[in-house]
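1. What would the 3D arrangement of this be:
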Amino acid sequence: MADSIREKRSAAAAEVAAIMNNEEISDADFKRAEELDAEITALDLEIENKTEAMKANAERALARPTIEIAGAGRMNDGSELDSFMRWFQSAGKQERALNTGDDSSVIPTVLADEMIRKRAAVSAVRQMPAVSVVNYENDTELSAVNARMTVGLVAEGASITNSEPTFRRVNKFLGLSSKVQTHLTDEIIADSRPDIVQEVLLQQAEGHGLFWESQYCTSTAFDSTAGDRTEGLMVSPNQYTLAGWGAAPNNLATTETYVTTDAGTKVQSLVNAKIADVPAQYWNAGGNWIMGQAFYAELLGMTDDNGRPIFQPNFDSSGARGLEMGSLFGDPVFVTSEAPTADSTGDVLATYVSGGTYRVADRGAYRSFFDPYTHSGSGKVAYISSMRSDARFLTQGEGVSYLLHA
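-> Predicted coordinates:
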């Protein structure tokens, strides 16, 4: 744009120079020189305006919002990543790609500054009070109690039996990386209404959130050579890929089969998953349920023998509680879109998690930066983001219970 204007100015200046180099200048030549001089002045002003506009576009692109993924804090309402993917719709196409030949129709300039978006809170796991979310700057190993000491009666004068607790090492929180980059052309950055840069940054942030939510819920490659070491919270002990290890990281967790004979057996299965299976001392730590959408839909219709619903929904339509949907037997229920498929025997329908049994560990802050150089020859800039995170059981599954498909 600015280059073509400069070419016009150069041509006008060359014509003026040619006129002024003539030994004799006619009235017509003099008039033409005056017209060209006025044109050059106008072009100079236009070049200045275009340059300032391009500078403003670049500054606007760089002035993106700071997006943080909770480290020591917690995403109570998912607001840090409160966004979801939306579809571009124009020219009869349902799904639009950036940097195509018809970028101008992606967001026509006649539209108001409004983006109709699909919205969702992102991570149910990170919102659970029973899950600790921390931030480590380096690789970190933790020591955890493996077995408590034994206390018993001793007769008068008898020798006291020595009893010592045992400890184990919690595998390193490695801070594995998820990364993504998006290329945008100069034209679409300048012409989009509303600002597509902000939309891209929000989508990147939520993309990381959804990816890690999937890892927190379903990762089965416990200490595998593939490097996928996150320990999935909705993976029962016999579903882990052990890669040479003798036991799953949650091998002491309890399991309860979901009996679907009638309404009573369904409710009793849920009661057993917490009350009968999880040691009572873990209840005091505060527990949470996490489940997928399909089982949550079934839970909504469950009643006791007197026809009373067993699930108590949140009577709050503000969204302030994020993905906490209500309570079951006094414990908060969280629903995730990234739960594993549960349609075969042994698949996890829901997990009961006691406080202090599972930790999400971020490695540093969520990072997002702007690269205007690498692809400048194609008239593109790159927006790049990355997140480092991991998750581990702090116990060997004590205080955790799985409701399994029959």
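2. Does the residue nearest in space to the middle of the chain lie in a helix or a strand, and which?
-> Centroid check for the chain by Cα atoms, centre = their mean gives Gly209 as the closest residue, at 0.8 Å. Using DSSP states H and E, Gly209 falls within helix 196-218.
3. top strand in this protein by residue count?
-> The longest strand of the chain (DSSP state E) is strand 380-393.
4. what angle do that strand and helix 196-218 make?
-> 20 degrees (axes from the mean of the first three to the mean of the last three Cα atoms, to 10 degrees).
5. about what we covered before: give me the nearest residue to the residue nearest to the centre of the chain, chain neighbours excluded.
-> Val122 (3.6 Å; Cβ to Cβ, 6 or more residues apart in numbering). Every C-beta, even on glycine, is put in place using the N, C-alpha and C of the backbone.
6. Equivalent analysis for Val259, please.
-> Counting by Cβ to Cβ, 6+ apart, the residue nearest Val259 is Thr265, at 4.1 Å.
7. number of nearby residues for Ser123?
-> By other Cβ atoms under 10 Å, 30 other residues sit near Ser123.
8. you'd agree it is up against His208?
-> No. With contact defined as Cβ atoms under 8 Å, Ser123 and His208 do not form a contacting pair (9.9 Å).
9. Next one: Arg388 from Pro249, what distance?
-> 20 Å (Cβ to Cβ, to the nearest Å).
10. Same question for Pro237.
-> Distance of Pro237 to Pro249, given as Cβ to Cβ: 8 Å.
11. who touches both of these two?
-> Both Pro237 and Pro249 are in contact with Gly397, where contact means Cβ atoms under 8 Å, 6 or more residues apart in numbering.
12. what about those two, which has more around it?
-> A count of neighbours by other Cβ under 10 Å puts Pro249 above the other of Pro237 and Pro249, at 24 against 20.
13. Surely the more buried one is in contact with Phe393?
-> Yes. Contact between Pro249 and Phe393 holds when scored by Cβ under 8 Å: they sit 4.8 Å apart.
14. so what sits against both of those two?
-> Residues touching both Pro249 and Phe393 (Cβ under 8 Å, 6+ apart): Glu231.
15. Tell me which strands the helix-or-strand element of the chain with minimal mean pLDDT pairs with, and in which orientation.
-> Lowest on mean pLDDT, DSSP states H and E among the helices and strands of the chain sits strand 166-173, with a mean of 72. With DSSP bridges as the test, strand 166-173 is paired with strand 140-147 (antiparallel).
16. Give me the buried positions along the strand it pairs with.
-> For strand 140-147, a neighbour-count test (16 or more other Cβ atoms under 10 Å) marks Thr140 as buried.
17. Relative to the whole chain's centre, how far out is that strand?
-> Mean-position distance between strand 140-147 and its chain equals 28 Å (Cα atoms, centre = their mean, to the nearest Å).
18. where does the stretch 101-250 of the chain dip in pLDDT?
-> Within the stretch 101-250 of the chain, the segments meeting pLDDT under 70 span 101-121, 139, 171-172, 175, 192-194, 221-229, 242-246.
19. repeat for the stretch 301-406 of the chain
-> Scanning the stretch 301-406 of the chain with the threshold set as pLDDT under 70 gives 316-320.
20. now do 80
-> Applying pLDDT under 80 to the stretch 301-406 of the chain flags residues 315-322, 365.
21. I'd say the residue nearest to the centre of the chain and Ser123 touch.
-> Yes. Here Gly209 reaches Ser123: they are 5.4 Å apart, a contact under Cβ under 8 Å.
22. what about the helices in this protein?
-> Along the chain, the stretches classed as helices by DSSP state H are 2-20, 27-62, 124-127, 186-191, 196-218, 263-271, 280-283, 293-300.
23. thinking again about what came up before, what's the distance between the residue nearest to the centre of the chain and Arg32?
-> 64 Å.
24. Asp305 now?
-> 100 Å.
25. of the two, who's got more company?
-> Higher neighbour count among Asp305 and Arg32: Arg32, with 15 against 8, using other Cβ under 10 Å.
26. can you pull the contacts of the more buried one?
-> Neighbour list for Arg32: 15, 19 [criterion: Cβ under 8 Å, 6+ apart].
27. ok, and the closest non-adjacent residue to Val381?
-> Pro372 (4.8 Å).
28. ok, and the closest non-adjacent residue to Arg9?
-> The shortest distance from Arg9 to any non-neighbouring residue, by Cβ to Cβ, 6+ apart, is to Leu43 (4.2 Å).
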